[in-house]
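# next come a sequence and a model predicted from it.
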Amino acid sequence: MSGLPEWLTDNHGTATLAAMLDPFSSSSLEALASESKALTQRRFGRTMTIYAPLYLSNFCSSGCAYCGFASDRKTPRRRLEPDEIRRELSAMKKLGITDILLLTGERTHDADFDYLQRSVEIAAQVMQRVSVEAFPMSIREYRALADSGCTAITIYQETYNRERYEALHRWGPKKDFIDRLETPARALEGGIKTVGLGVLLGLSDPREDALSLYRHVRHLGRTYWRAGLSVSFPRMRPQTGGYEPPFPVDDHSLARMIFAYRIALPDVELVLSTRESAAYRDGMAGLGITRMSIESRTTVGGYNDTENNEKGQFEVFDDRSVHEFCNAMRAKNIEPVFKNWEPVYNGPAEASSTILLNEIT
């Protein structure tokens, strides 16, 4: 389709991944798993990095057909105020969590950039690593987030099929396919160190989306060679609105995708969230996945207020405690990593380089 960047339609270098994703491939799932496991241990060791999401707000200005926070849902809307954010952070730290992902809906008057930046500043005062999953921003805004202590952003394209994308995003700013596609590059231009990409599996043909996602990762890796990149594999879960995915992805297909990505992108962090069951996550640990969320609350204010009965963005599948999850990992000889980042390294890369140069001279 006209208007698409060349890298999104370039099939150069995708043949090997396409072959591994093919369920009728000569490469068995067991063979892929074995190669993926060996690469994971060689590049990442027997470790699993741990993080947890913190929903700041469920206000939203977009009409995504598949989302429990879409603006036409009857979900009660609220946002966390500064004192509430601090209480949530305190509750998360008591669980041992120091790596967090702050989430909002699409940009609104109630939860705009200023609100998000202030939330990042509050979180960066007490957490080792602060990431953001929110609305697309400008280079200037991403630079301000980096200055405030944000080290990473997550931004899913949801689907790379433009026709499906436009049908699913019924109104609002998220309907702009190209703007969202260009967001990860703007974040990296703005000094954000790591960008997390992904598609919401079930919205479109998963094999086509996986290939397009791979092209996106490779393009960013070539253009921003100092950047950290990660890939998530979220499958649709039940949510307010009852959207049924037309392209469901079964367990074997998801496993094949994860193994193929590890083999094709051996240095990229691969993420699996609590959307998946405890049994499935335990099975995939050590075979390709290197980062997992724990104790996830998909409601606004779910950590301090444990009696919160509001509907979240989606239903959590793996609801184990931190203790239970860590025991399961250690039973597989995998060490959970709660901290692998020092706040002194936060902020944009350019600022860090300048500071280091001044110290040397």
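Ah, there it is.
# buried sites along the helix or strand where residue 215 lies?
With elements taken from DSSP states H and E, the one containing residue 215 is helix 206-223. By 16 or more other C-beta atoms under 10 Å, the buried positions in helix 206-223 come out as 206-220. C-beta here means a position set from N, CA and C on the backbone, and glycine is covered the same way.
# and residue 141, which of the three is it?
For residue 141, the assignment made with DSSP: H, G, I helix; E, B strand; the rest coil gives helix.
# hmm, it is touching residue 190, no?
Yes. Counting by C-beta atoms under 8 Å, residue 141 does reach residue 190; the two are 7.2 Å apart.
# who has more neighbours, those two?
residue 190 (21 against 18; other C-beta atoms under 10 Å).
# ok, and the closest non-adjacent residue to the more buried one?
Setting aside the residues directly before and after it, residue 190 is nearest to residue 142 in space (C-beta to C-beta, 6 or more residues apart in numbering), at 2.9 Å.
# likewise residue 186?
Spatial nearest neighbour of residue 186, chain neighbours left out: residue 139 (5.0 Å); criterion: C-beta to C-beta, 6+ apart.
# how about the helices in this protein?
For the chain, the helices defined by DSSP state H cover 6-9, 15-21, 29-44, 82-94, 113-124, 139-148, 162-168, 177-189, 206-223, 251-264, 278-284, 322-331, 349-360.
# what's the closest of those to residue 64?
Closest approach to residue 64 among the helices of the chain is made by helix 162-168 (6.4 Å; C-beta to C-beta).
# now the closest one: buried residues?
Buried residues in helix 162-168, defined by neighbour count with 16+ other C-beta under 10 Å: 162, 164-165, 168.
# ditto for stretch 106-113
Of the residues in stretch 106-113, those with enough neighbours to count as buried (16+ other C-beta under 10 Å) are 106-108, 110-111, 113.
# what of stretch 138-149?
Under the neighbour-count rule (16+ other C-beta under 10 Å), stretch 138-149 has 141-149 buried.
# now, which of these sits nearest residue 29?
Proximity of these to residue 29 was ranked by C-beta to C-beta; the top entry is residue 142 with 39.0 Å.
# what about the closest one, distance to residue 113?
With distances taken as C-beta to C-beta, to the nearest Å, residue 142 is found 10 Å from residue 113.
# contacting residues for the closest residue to residue 53 other than its chain neighbours?
Closest residue to residue 53 apart from its sequence neighbours, by C-beta to C-beta, 6+ apart: residue 101 at 4.6 Å. When contacts are counted by C-beta atoms under 8 Å, 6 or more residues apart in numbering, residue 101 touches 51-54, 131-133, 154, 293.
# between those residues, which has the most around it?
When these are compared by neighbour count (other C-beta under 10 Å), residue 132 ends up highest, at 28 neighbours.
# correct me, but that residue touches residue 120?
Yes. With contacts counted by C-beta under 8 Å, residue 132 reaches residue 120, the gap being 6.6 Å.
# do you know the pLDDT at residue 323?
According to the predicted model, the pLDDT of residue 323 comes to 97.
# separation between residue 41 and residue 243?
Shown here: residue 41 relative to residue 243, a distance of 38 Å by C-beta to C-beta.
# which one of these two is surrounded by more residues?
Here residue 41 and residue 243 are set side by side on neighbour count (other C-beta under 10 Å), and the busier one is residue 243, at 18 against 14.
# quick check: the residue nearest to residue 190 vs residue 61, distance?
For residue 142, the distance to residue 61 under the criterion C-beta to C-beta works out to 20 Å.
# what does residue 242 give?
Going from residue 242 to residue 61 by C-beta to C-beta gives 22 Å.
# ok, those two, which is more surrounded?
Neighbours per residue, other C-beta under 10 Å: of residue 242 and residue 61, the larger number sits with residue 61, 18 against 8.
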